[in-house]
Every structure is written in C-alpha cells, then in structure tokens.
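> show me how the following folds:
(chains A and B)
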Amino acid sequence: MATKDMMRPFQLFQPESLDGALALADKHGGDGWIMSGGNDSLSWFKDRVKSPVAVIDLGGVTDLVGIRETANGIEIGAQTTLTEIAESDVIQSKFSVLSDAARHVATPQIRNVSSIGGNLCQDTRCWYYRDGLDCYRAGGTKCYADTPEGMNREHCLFNADRCVAVTPSDTAPAIVALDGQMTIAGPNGTRTVPAEEFFIGPAIDIERMTVLEPGEILTTITIPNTFSGATFYFEKVADRNSWDFALVNVAAAIIEDGSTISDARVVCGGVECVPKRLTVVEEVVKGSSRDEETAALAGQSAVRGATPLNYNHFKIPLMENLVKRAIRDA
Amino acid sequence: MAYDLIGKDFTPPDVVAKVTGKAKYSEDFRVEGMAFCRIYSSPMPHANVKNIDASEALAMPGVLGILTADDLPPMPAPNRPILTNEPRYAGEPIYVIAAESEELCMDAMEKVRVDLEPLDFTVDPLQSLYPGGPNATNGGNVAGRGPEGAYVKETKWSARDFAAAGEGELPMGPAETEWAYGDLEAGFADSDYVLDDTFITQGLSHHCMEPRTALAYWQNGKCFVHASSQSQAFPVPFLAQYIGIEPQNLVFIAEYCGGGFGSKGTAYPEQALPAHMSKKINRPVMMRVTRVEEYNIGSARPGFQGRIKMGFRKDGRVMAVDLYIVQENGPDVGMNDYISAADALALVYTPENMRFRGIPVATNTPPRVPQRGPGQNQIACVVEPLLDKAAAELGVDRLDIRTINTPNNGTLYGPNKGKVTSAYLKESYEMGAEKFDWARKKSRSGQRDGTKVRGIGLGSAYHSAGYYGFDGLVMITPEGKLQIHTGVGNLGTYSHSSTSRVAAEVLKYDWDNCVIVRGDSRKHLPWNLAQFGSNTSYTMTRTNYVAAMDAVNKLKEIAATDLGGSPDDYDIGDHTVFATADPSKSMTYAQAAQRAIELGGKFSGQEAPEDLNPMTAGAVAGLAGQGLIGVAKDTLESDGTPPAFAAAFMEIELDLETGKYEILDYVGIADCGTVLHPAGLDHQIKGGAVDGIGLGGYERHVYDPQNGLPAATGFNASRVPTYLDVPSTMTTGAVGIADPMNPVGARGIGEPVQGCAAAALLSAISDAMGGHYFNRVPVMPDMIVNAVSGREQSHGPLQVNTF
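As a prediction, the model looks like this:
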C-alpha cells in the first residue's frame, strides 16, 4: 500500500537484434526482465511488486515484426502489434478468429503498442497476486482467492492447484484453436512447441504461465493452414466493451463437410490458468450438423467438471452459453 | 422573458486552454526550490501506530523531513484527521516524507520502520452492529452528524433484532435517526398493493481524473496552496483551519479542476499536507497524489443496506412508505446521505404517510463524502424499479404510476411540510415521453430477437438546487470593461461563466466586453458558495444579479449627479447611462467608471455594505479606486426549496446468454427552470447519463473481508463505463419554466441527471428480464447471467463491498 505508482530505477537495454536480446538476457539472468509492449511489465514495475535490475526492451528487434505468408500457413513475428494482427488482410481472410480476438483486446491505444507475443506471455490478473501479496504464485505459501471469503469472481472453474488464477489473454484461445506453433529462442538454440503446450498451469509450475525458461524469448507464432478459411467464432464477455479482461472468452475453428462438422477446435479463456481446449466438446460436435441441438450439447459438455469458487459460478452458464454460441452462431 | 445572453450558447473563456493543454492544474506548477513529499498509507484496515522510526531514512542525503500525526494539531470531527496514529482503512495516510525528488521519497519510505498493532476491522455495517461485532474505530462503530453535531459511539443491536428478520431481510434494530408523518398503518391499510423489499446500494468511488495533488509554500506569513478543488472561495476558511492559519493568510489557487463529483467540494484534510510539510522544512512542497492514493483518500459515496415497505392504491398513488437505511459511513462521521435519501423520497413520490429510520455505521473502508446526488441518487435506484414492480401488480402504466405521485408547485413535503419554489417533474416526464415515443416504445418491452430481448426503462431523480445569502461583485473599469468577480470554482460545467452572464445581461453588456475574474484568491473574489449540491445556477445568478443591479443603480446615481435630475430619470443601454427623456444626456460606462473613481466612497469601493462577508469586504477593499464597484449580498426572497428534477427514458437490448446489453436510446429531460446555457445543459444531461450508467450497471467498490484490502482501485479495476458502453447519441431537453424565486428563473441540475439515468437503466434491465428485480445496485452482467440461469447470486442478499 505504501509503495504504489512509482517505479524503482532500472537499466534499460534496447537491442536491435534477437541475438543481442538473447545475449543480454543471458548476461543478466534472474536480474533481467524481457519486455515487449510494456503494458503488463510497467504495471508490475509501477507497483514495485516486481523490480528488475535490467529491462531488455524487444521493441527494437525488427526481425520479430511482421506477418509472412508461407506455403504451409502464416508466420507471425512475436513483436507484431495487435493492431497489425487485427488489420492484417491475410489473417482476416484465412484465420479471422485471430484478427477478431486481437480486435477485442483492451483499447485501440493499447493494441497499437502491444505485441502478440506480449499478449500471449502476459501474467495473470489475479488481484491478490498483482497487489503483491505473498501467495503461492508469488513464492508464498497460501492463496487468498481460494477461501470462503476470497473475492474470486474472476478466478477459475477448472484445474485449480493451490492457485486459482486464470489466463487473461484474448489471443491465446484463438492461437490454440488454430493449432499455432510457438517458436522459442534461447541460449541453447531454438525450439518449437504447440500452443496448447506453451501455456502451463500451476500443477506444472505455479510461478509461470508459459513454458518459457529464463533467458528464452518467444520469436514466432506459426499458424498452419489446417483451418485456413474455416468457419470461425470468437466472442469475449467482459464487464465493459473496452479496456477490460474477459470474464470468459471463446475461440472456435470449425470445418464443415456439407452440413456435417468434420473437424473443430474450441477453446475458452478466463476459466482456467491456461486457455482451455475443450476436446470433449470437439468430440461431441464432430460428425454432427451445426444446429441448436448440437450447440446445446456442446455447451453442456463444455462445463462438465467445473468446480466454481464462491463468487464465480456465473462463469458456468456464461461459458456454457458462449460455447453454445460458438457452435450455433459461427 | 427575452434575454440577450441568457439561454444562448457561448464559448466559455477557459475552454481553449483546456483542449490545448495550456490549462495549468495543480500538478503543472513549479516553484523555485520545490521539494516533493509522498504519503505513506496504511497497509492495514485498522491498526494502532506503536512507533515510527525514521532515523535511517532521515539520514539519507536529500531526505528533508517527515511529518506524522504527532506534528499536527488534532482535528475534531466532523473534520477528518490529516494524518493518523489509528489508521482505520487500508490507504489512510500515516506519515509523509519529503525529499529532493519523489524517487528519493520512495527510497526513504522503504527505510522507515512503522510498527503497527493490527486491530479488529469490518467492511460490513451489519457485522459491526451484530452483538460482539467489530468496531471500525477505537471510538465506536456508529458515527454520524446529528442536530447537535458530529458523534461517535458504540451501538450493538440484539441477537433478537437480527433473528427477527427473515432470511435475506434487513434486520431493523434501534435507529439513530427517525421521523414520521401521517398514519403509517392506516396508509398501508388503505393500500391495494404492498411491497416489502430489502435492498443494497453499493458505495462507489468518485473516479476523479485529476488526483488531488497539491503544491504549497509560504511567503511573508502567507501560505500559498495550488489545489485541485471544485470550489474557489468556500474552501478557504476550512483549508485555513486544516493548516492552522487565518483565512486571510491563505492564498488559494484553483483555476482548473479535473473532476471532483462532490469529493473536492470543500477543503479536504490531505490538501493541507504540503502546507504543513513546507512549513516544517521551509521549502515549497509538491505532493503528487497517485491514482491508487486517489482511490483511497479520494473518498466514496456512502452505501445503503436498507428495507422499504411501500403501499400503493390501485391507481398507483403511494399511500405509505416505511423506510429503514443502514448507511455505510467509512471510518468517519461521513455525510447524511441516508437522511437526504428519505427527504428525496418524501418529495419525489409525495407519499401520503411515511416513516423513516436510519443509522450510520462505521466501516474500515475509505471515508464517505458527498458524491453526485448524495442519498437522492441511491434512493432513485431503489425506488424506481419498485414502481415498475407495483405498476405490473396493479396493471397501471409505468409512466402513470410516476406522474400520479409527482410533486407540484403547491406540494408540502416531508415531516416539516416543506415548500418547493416550483416543481415540474411531471412536465419533464411528459416531455420525455413525447421525445422517446413512450406510447410506441413501451409496446416493445420484452420483444425478442433470438437471444436478445428489449427492455424499456424510465426513472427520475432529484436534488435540492440552490442556496441564498452569498455575495456578488462586479467592477466597471475606466476602459469600459465589465469585470465579473466570482468565487465559485471550476468543477467543469462552465457554470462560472453561465451564471456570470447574468451580470452582463442586467448591465446590457456585450459579452465581448466582459471579463470573468476567478481562480485565485488574490484576484479579489467574493464569498460564494462551493460548487456542490447542484446549487450554482440558482445561487450565483442571484449574487451576480444583485451585484449588477447595484452597479446599475450607481451608474444612474453618477449620471444624475453629473447630468442633473434624479437617478430614476436614467436608463442604461449600449454601454451608456442616459436620460430616458433625452438620450443625448448620457455618459458611457467608461466615463461613469472614471467618475466613480473620482467620487470615491461606495462608488469605487472605498466603502462597502456592512452585511458583506469579510472575504467579500476584503475583495472590495482590494479593488477600491479602480473602477465602479457593484457589490451586494443576496437578500432576495427565497421561500421554499428550489428543486432540480430530471426524468429519463431508456431502451436497451439485453442478451440473455451473456448478461450484456446495448443501450439503444436515451432521453434525458431537466426541470431546472430557465436554461442559462443550452450547450452546457445538454452536456450536463449527457455526462450525467454516462455517470448514471456507471452507477447503475458498472462501477465496483470491493473490499476483501479477510484483510480489508481494496480490489477495485484505478480506472480499470473500478470499471467506470467506457465510450463503447454508453449510447453514441442521446436526446436531451428541458421544461424551461422559470422559477419564481430566482431573478432569471434558474435552478441547478447537476446531480439528478445522473440518478435518473441509473434509475432508467435499472428499470430497463428489469423490464427486459420480465420483471426480475435485483434490489441491488449496480447490476453487473454476472448477476444477470445468474438470474437468467436460475442460479443464486454469489453475494449474500445483504453483502456489501463485494464484486
């Protein structure tokens, strides 16, 4: 309470190449902080909850900016802004669920400076954790949200493990729905992981939201052509229509063969620490026609197993409705 | 009546500075040698400060000093403490530390060791009233303002009081305040429909865009304060008291204000901090207040836990009301919103019989101060949806159940049979119904489009709208300019200008030759009321009228002295005073002003009326000899409460699957007498509607009962509505019937234009949901989703400060 709204001083590094950024990250190790658009980072710094010694700003690494069409799909540099994603012709024509999701992030001003990489890697918004309390995720030994009186309206329905925080990203469910592949550069070279495995829950590591190891940088998101031109649906429900995080969001990619759904990927945000891919829903809808009955079944199966907290059980009907809409209204 | 200036649009003189960024707010000033201070605020909701050890911090180079509660004189209630050794909410200032830079202040703060002893706390008034429940302050748990002044005491209700209430109903133990009129039982007996509902109105933050930053320094025994203030003259004696000096030794500069909404209406304790620090370290001190601090020390609207029993005759007439309000007051004596709420109910719905009971209870949440429509807007949110409920039960049109109960010019309301100066709420509804096309649109109620359903809502709100007895001051200069000196402040509605135009109107001045003098107490400003309580249009048109009339009389006296005849033989026009019978016998205003200087005495301010406030007398003395002075205290007749009413209509389309809605149409109508400034009123109604949409459907004020910490500080977490949440076009209007108690017929309007929008939104949501009444405000999408899916709400029926 005493130390809000004033950053501690830090050294700022603005490398112009990925190799430069990696070298700096390696050199500063745990004292370093890799920053993209800065919207998540600066709020941590201002509140003095996180106070890195060295901030490595990726804004000048122009190699990581841009959307490239390839024979197999598209490659998106992690530093591409959300505005560029939202306005990209190729994304709008082939993978509109992603441009749609990007368009629903925060505000135009924030989208202008925020990168897709930053949006995917951002930390959770649990207000206890952001407030700097000594919770599990902050290295402590308790959770303030998962208690009888905890103010947990915006927390998870699924797979809590000491921590009940959720993914705040709007683009992450779209990337998972599109079966995006995440290319990660690090001191030991480059690796690629499916988006679905890129995000990790508290059972795997309670202090991280992604598989990124210290010193690693997300460089590229590759979207395969699997769902190019498919039927898509994205919807975000937040308290406000601008500058807000999703209470629940849904991204769906559906391929229809005549009147039958031949393939589908359906993903929800805001209900679990990771974007929740709803494989049961996908199984339910595959082979069925896209009608009210299928949609209702999809919605019902989406929320099976949900374990609400005291203030967030509204997310069950909300998630059910959004998944239903994703099938019905796509 | 036809006017040259009143009722016409104009460009306010400060608008260019505001839109170009040239306007200087308190944070924009710099003074040579300026140091900074920062606040250390309590990390706990309630504690005793056992010790503060700043020795290590004070030894740091560049650290200039620390100020604790021990350095300051005690501030007896109703003043709030400037600093405290008993923090009573998370965020209450414990000390301030000064240094050469803010960064250094922060580094120093981390070296100060504060030893806090945690104490019991509560964020729920009912928990505090329960036997053995925690007290929010060491002095007790019931704190308020009574007829004999501020009080703090301990009150616990009995377990029997709590047990007597049904599940989810408000227990009603002994009240602190109570009044009644008529025969309540007979009123209910005569009713064809009686409802009895428990309700919650959540107290909410003020969300001022400009945090309450202040800069202070001392020169030659005077203290200079650059402050964020809604008001100019009125705060001076109160801030002087907080600083510990005589009002004439305070130079108060408040030319621009980035939003107050009631929280900066008069002086507030933190405003005095840089002055005290400046005195201690003998340097100018800037105290920039951060966004989080603004949400903590910036106060909030009191919340209500209440219960209302209403009896209706079959035609919708309100026969009886029994109202009980437990007011959440934060840690101090707060404000009397709950009493104002009952007063408003008695006037707006004119119940035949009524009883009110209430109790103000302290909690460990931010202090409660007035916020736009304090009490009136909360009760509008409660009662208006219940009128819909009664209308449905009785089969009465929802507009008719409102207009059958509205007050009129002859209404005598409340226990004291109070008068109003004039009242046209019914006409506001009628005008709104026509602009909204109520007759057609109401048939769309419940109309489905897939998962979406139309909701049609309406509602009204009220606030008293004017005072009297303040001073006006104008001066005609030898150059022929009219200086209109106003101490009213600049809260953002441009009423400093629109009310000043009355002086120009009376003197038949071209507006281009008028100068509004304001914003700095060195500029010889009169004693004026604060810009709060929707009063400015009424109060300040009166002061500017009497000052201008005094100037007119003096012009005529000077003309008679120089040109012969009696003052009554003269008239004014075209910037001259002339003989009515022979207009060639004339002198210009400029010439008259020069003669006023030569004549001296009352004409140019060497003498002043004895009934002026000392501040005004000082201003006149400061102007003496510079021109023709018009100055007077407003002693015009003012019989009855001048009311401000507003009525609103709203159409929404609610998606039952998401709990989200779009506002398709909004019509807001004001009853504020003569319209002074049409564009200003239009913006007031629209801005009030945006604010009301926040009050009714968006804003949050969340305090964790486990640790007393806030979860909704800042513009993001507190969910003020955004551009995309409000309608892009709105229709406004005004009844425009002149009030007989104001020289130009004007009354205020600022507050009810928020409450009517909140009420109309709640009415529309309930209508879309086929008559589901939440009895809680604000209504959030999660509540709608829960209700539609048949789930219990997450919060308990009486829970407050929750999501």
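
> need the contact list for the one residue in the stretch 301-450 of chain B that gets nearest to chain A.
Ranked by Cβ to the nearest Cβ, the top residue of the stretch 301-450 of chain B for proximity to chain A is residue B:450, at 8.8 Å. C-beta here means a position set from N, CA and C on the backbone, and glycine is covered the same way. Contacts for residue B:450 were tallied using Cβ atoms under 8 Å, 6 or more residues apart in numbering or on different chains; there are none.

> what distance do you get for it to residue B:655?
Computed with Cβ to Cβ, to the nearest Å, the distance linking residue B:450 and residue B:655 is 9 Å.

> secondary structure class for the nearest residue to residue B:291 once chain neighbours are set aside?
Nearest in space to residue B:291, with sequence neighbours left out and distances taken as Cβ to Cβ, 6 or more residues apart in numbering or on different chains, is residue B:714 at 5.4 Å. Following DSSP: H, G, I helix; E, B strand; the rest coil, residue B:714 is assigned to coil.

> run a quick neighbour tally on residue B:714.
Here the number of neighbours of residue B:714 (other Cβ atoms under 10 Å in any protein chain shown) works out to 19.

> now swap in residue B:149 and tell me
Residue B:149 has 10 neighbouring residues, counting by other Cβ under 10 Å.

> got the phi and psi for it?
Residue B:149 adopts backbone torsions of phi 110, psi -170, taken as degrees, to the nearest 10.

> which residue is the nearest non-sequential neighbour of it?
In this structure, residue B:149 finds its nearest non-sequential neighbour in residue B:78, 7.6 Å apart by Cβ to Cβ, 6+ apart.

> write out the residues of the stretch 1-150 of chain A neighbouring chain B.
A:1-6, A:8-9, A:48, A:107, A:127, A:131, A:133, A:144, A:147, A:149-150 (Cβ under 8 Å from any Cβ of the partner chain).

> quick one: which of those sit in helices?
In helices, defined here by DSSP state H, the members of the residues of the stretch 1-150 of chain A next to chain B are residue A:127.

> which residue would be the closest one in the stretch 501-650 of chain B to chain A?
Closest residue of the stretch 501-650 of chain B to chain A, Cβ to the nearest Cβ: residue B:650 (16.9 Å).

> in a helix, that residue, correct?
No - looking at residue B:650 with three-state DSSP, it is strand, so not inside a helix.

> break down the stretch 551-700 of chain B into its helices, ranges please.
Here the stretch 551-700 of chain B has its helices, by DSSP state H, counting those that start in this stretch, at B:589-599, B:614-623, B:678-697.

> next, residue 29: phi, psi?
Going with chain A. phi 50, psi -130.

> neighbours around it, how many?
Residue A:29, neighbours per other Cβ under 10 Å, totals 11.

> now swap in residue A:139 and tell me
The burial count for residue A:139: 9, using other Cβ under 10 Å.

> before we move on, what about residue B:185?
Close neighbours of residue B:185, defined as other Cβ under 10 Å, add up to 12.

> quick one: contacts of the helix or strand encompassing it?
Per DSSP states H and E, residue B:185 falls inside helix B:184-189. Helix B:184-189 is contacted from outside by B:194, B:309, B:311, B:319, B:320, B:322, B:351, B:352, B:353, B:354, B:355, using Cβ under 8 Å, 6+ apart.

> which parts of that helix are buried?
B:184, B:187, B:188 (16 or more other Cβ atoms under 10 Å in any protein chain shown).

> which one of these is nearest chain A?
residue B:188 (36.9 Å).

> let's see the pLDDT reported for the closest one.
Per-residue pLDDT puts residue B:188 at 98.

> and what of residue B:75?
87.

> separation between it and chain A?
Residue B:75 sits 22 Å away from chain A when distances are taken as Cβ to the nearest Cβ, to the nearest Å.

> ok, that residue touching residue B:270?
No - Residue B:75 lies out of contact with residue B:270 (Cβ atoms under 8 Å); the separation is 11.8 Å.

> residue contacts, residue B:79?
B:241, B:242, B:269.

> leaving out chain neighbours, which residue sits closest to residue B:794?
Residue B:794's closest residue in space is residue A:311 (Cβ to Cβ, 6+ apart), at 4.3 Å.

> if we can go back for a sec, please identify the most buried of the helices of the stretch 551-700 of chain B.
Highest mean neighbour count among those (mean count of other Cβ atoms under 10 Å in any protein chain shown): helix B:678-697, with a mean of 24.

> is that helix anywhere near chain A?
No - Helix B:678-697 lies out of reach of chain A by Cβ under 8 Å from any Cβ, never closer than 9.1 Å.

> ok, and what's touching the next helix or strand after that helix?
Toward the C-terminus, helix B:678-697 is succeeded by strand B:731-734 as the next helix or strand (DSSP H and E). With Cβ under 8 Å, 6+ apart as the contact definition, strand B:731-734 has outside contacts at B:431-432, B:435-436, B:665-672, B:675, B:681-682, B:685-686.

> and for stretch A:289-297?
A:231, A:254, A:256, A:259-261, A:284-285, A:288, A:324-325, A:327-328, A:330.

> out of those residues, who's near chain B?
The residues of the contacts of stretch A:289-297 that also fall near chain B, by Cβ under 8 Å from any Cβ, are A:324, A:325.
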